[in-house]
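Q: sequence-free structure coming up:
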């Protein structure tokens, strides 16, 4: 019962994140994610 509830909540959370543009590629952050520049020396 508790697992079903948690899975349902997680699905709603994932949908909310996607609707806000908070995708795993963006680290699910509300601020822009900036990659550190690579030092190719």
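A: Nice, I can see it. Since this is a predicted model, take the numbers as computed values, not measurements.
Q: how about the strands in the protein?
A: Under the criterion DSSP state E, the chain contains no strands.
Q: now the helices: where do they sit in it?
A: Using DSSP state H, the helices of the chain run over 2-20.
Q: In it, where is pLDDT below threshold?
A: Scanning the chain for pLDDT under 70 picks out the ranges 26-35, 40-41.
Q: how much space is there between residue 22 and residue 2?
A: Applying Cβ to Cβ, to the nearest Å, the value for residue 22 to residue 2 is 26 Å. Using the backbone N, CA and C atoms, a C-beta is placed for each residue, glycine as well.
Q: With residue 21 instead?
A: Counting by Cβ to Cβ - residue 21 and residue 2 are separated by 30 Å.
Q: can you check residue 36 too?
A: From residue 36 to residue 2 the distance is 40 Å (Cβ to Cβ).
Q: How about residue 23?
A: Residue 23 is 28 Å from residue 2, by Cβ to Cβ.
Q: Between those two, point out the one with more neighbours.
A: Between residue 23 and residue 2, residue 23 has the larger neighbour count (other Cβ atoms under 10 Å), namely 12 against 6.
Q: excluding its backbone neighbours, what's nearest that one?
A: residue 17 (6.9 Å; Cβ to Cβ, 6 or more residues apart in numbering).
Q: wait, that neighbour sits on residue 10?
A: No: the criterion here is Cβ atoms under 8 Å, and residue 17 misses it with residue 10 at 10.4 Å.
Q: who's more crowded, the two?
A: Each of residue 17 and residue 10 has its neighbours counted (other Cβ under 10 Å); residue 17 has more, 14 against 10.
Q: Report the separation between that one and residue 11.
A: Counting by Cβ to Cβ - residue 17 and residue 11 are separated by 11 Å.
Q: now do residue 23
A: 15 Å.
Q: and what of residue 5?
A: 11 Å.
Q: chain center to stretch 6-14, what's the gap?
A: On the basis of Cα atoms, centre = their mean, to the nearest Å, stretch 6-14 is displaced by 13 Å from the centre of the chain it belongs to.
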